[in-house]
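Q: sequence unavailable; structure follows:
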Ligand SMILES: [Cu+2]
């Protein structure tokens, strides 16, 4: 193995060397290989790793680690890569919206807005379309919003963490950037 490797390396750097010359040079390199083996046994590091791990796991961090992360990709075709999320009542969810776009953020941005059960999505996006200074979330309808991310564009990633409602049923989510909901940038969170 080593001899073949070294031979091919030598062929790259010194293509003129004859076959017999290669056999000689690889033979002389064998002792160098052996010298690298002893330092590989690093048994002294073993006790240090468990000692540092014990204090670094408080109860709070362990609970946060259990939180489910739902990754949704928003692209220039104005669709969410995830259009259905199922969740248990009271569950903590982190929604991560990843944008993939070749367009400027002013022309193509997305957000994730989760609405109350039974809220009118059309009313919400219509009112929000003119709320540009408020990241396209109509201030007067903010009471219908359960969770939302800021606007993201041009490859940005945004997140929102929320507690799933205790009441079972279907909760609509959408992108409130003007026109995107109408094209199909929406989904459903099903609590059951
Ligand atoms: Cu969008």
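A: Everything's here; your move. None of these values were measured; they are calculated from a predicted model. Numbering: from 1, shown residues only.

Q: which residues of the protein lie near the ion?
A: 110, 175, 177, 180, 185 (C-beta under 5 Å from the ion). In this view, the C-beta of every residue, glycine as well, is placed from N, C-alpha and C.

Q: in three-state terms, label residue 173 for me.
A: With DSSP: H, G, I helix; E, B strand; the rest coil as the basis, residue 173 sits in strand.

Q: dump the residues of the chain next to the ion to a markdown table, plus distance to residue 136.
A: Output for the residues of the chain next to the ion, formatted as a markdown table (distance: C-beta to C-beta, whole Å):
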| residue | distance to residue 136 |
| --- | --- |
| 110 | 10 |
| 175 | 9 |
| 177 | 6 |
| 180 | 9 |
| 185 | 12 |
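
Q: so which of those residues is the most crowded?
A: residue 110 (31 neighbours; other C-beta atoms under 10 Å).

Q: quick one, what contacts that one?
A: Shown in contact with residue 110 (C-beta atoms under 8 Å, 6 or more residues apart in numbering): 74, 97, 99, 151, 152, 153, 175, 177, 180, 185.

Q: same question, residue 79
A: 183, 184, 185.

Q: looking at those, which is nearest the ion?
A: residue 185 (4.6 Å; C-beta to the ion).

Q: so what's the closest one up against?
A: 74, 78, 79, 80, 110, 174, 175, 177 are the contacts of residue 185 under C-beta under 8 Å, 6+ apart.

Q: which of the contacts of residue 79 fall in helices?
A: Filtering the contacts of residue 79 for membership in helices, criterion DSSP state H, returns residue 183.

Q: save the contacts of residue 79 as JSON lines, and put in distance to residue 123 and pLDDT too.
A: Shown next, in JSON lines, are these (distance: C-beta to C-beta, whole Å; pLDDT from 0 to 100):
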{"residue": "183", "distance to residue 123": "18", "pLDDT": "97"}
{"residue": "184", "distance to residue 123": "18", "pLDDT": "97"}
{"residue": "185", "distance to residue 123": "17", "pLDDT": "98"}
